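1. prediction below, plus the sequence it came from.
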Amino acid sequence: MKIAVLISGRGSNLQSLIDAQARGSLSAEIALVISNVPNVTGLERARRAGISVKTINHKDFTDREAFEGALHTALSEAGIECVCLAGFMRLLTDSFVNDWADRLVNIHPSLLPSFKGLNTHERALDAGVRFTGCTVHFVRPEMDDGPVILQAAVPILPDDDADSLAARVLEQEHIIYPLAVDMISNGRVLVENGQAKIKGAGPPGAPIINPSG
Ligand code: GRF
């Protein structure tokens, strides 16, 4: 399965997909990386890995539809079958999302449906919850909505601040994004009645309690 990764910046999740491909644990081929922001670190990571890159700067287009038309053309020309958003900071129109339904995935740094949107770690700390984490999900027109594919739960520790929590969640993002994309590319993920079902999924370890005592 040919995938494209859409980025706007640092590209550490892109790097996790590149690394998984290099060690043979990603059955998908990263055929194209598109950034809507010029000269970002993520583009450099892709070039270093020998992946085709394109900058499609939203500022060069008069409206969202024209920008997405250019995205669509680039994706079609490269024969892309699945699009992975990885820190892509543009909202996509309903029409684009519907065209790519169940072939468009995102990673979000919270346990959805909690903490949609930005500043998820600050908001989890302010809420006083004991766990947060990250979610890979299929994209739907509503922001940070759609069938959940995989989640990793991360305990919040008493001394955490937003940065320390973000770093621990990011480690898990780098594990679950390649895993989820590999599952999709192996045809293990089906959407039924608005929920993603994983064929042959194993059970997780024992539940964690935080604090433990
Ligand atoms: C990640 O935290 C991801 O969950 C969110 O944006 C951030 C992107 O980081 N959607 P990077 O560019 O992949 O390093």
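-> Looks like it arrived, so ask away. The shown structure was predicted, so the numbers you read here are calculated from the model rather than taken from an experiment. Numbers count the residues shown, from 1 in each chain.
2. list the contacts for Ile107?
-> 13, 84-86, 134-136, 173, 176-177 (Cβ atoms under 8 Å, 6 or more residues apart in numbering). Placement of C-beta: from N, CA and C, glycine included.
3. show me what it is bridged to.
-> When bridges are called by DSSP bridges, Ile107 pairs up with Val136.
4. can you pull the pLDDT of it?
-> Per-residue pLDDT puts Ile107 at 98.
5. cool, and the one 10 residues further on?
-> Looking at Gly117, its pLDDT is 97.
6. quick one: the strands in this structure?
-> Secondary structure of the chain by DSSP state E: the strands cover 2-7, 29-35, 53-55, 82-85, 104-108, 131-138, 148-155, 189-192, 195-198.
7. residue contacts, the residue in the chain positioned nearest to the ligand?
-> Among the residues of the chain, Gly87 lies closest to the ligand, at 2.7 Å counting by Cβ to the nearest ligand atom. Gly87 makes contacts with 7-14, 42, as judged by Cβ under 8 Å, 6+ apart.
8. need those in TSV (columns: distance to Lys197 and pLDDT).
-> Below are those laid out as TSV (distance: Cβ to Cβ, whole Å; pLDDT from 0 to 100):
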residue	distance to Lys197	pLDDT
Ile7	29	98
Ser8	31	98
Gly9	32	98
Arg10	32	98
Gly11	30	98
Ser12	29	98
Asn13	24	98
Leu14	27	98
Gly42	31	98
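9. buried ones among the residues you listed?
-> 7-9, 11-14, 42 (16 or more other Cβ atoms under 10 Å).
10. would you mind putting the strands of the chain into TSV with distance to the ligand alongside?
-> Shown next, in TSV, are the strands of the chain (distance: least, Cβ to the nearest ligand atom, whole Å):
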stretch	distance to the ligand
strand 2-7	6
strand 29-35	10
strand 53-55	15
strand 82-85	7
strand 104-108	4
strand 131-138	6
strand 148-155	11
strand 189-192	19
strand 195-198	18
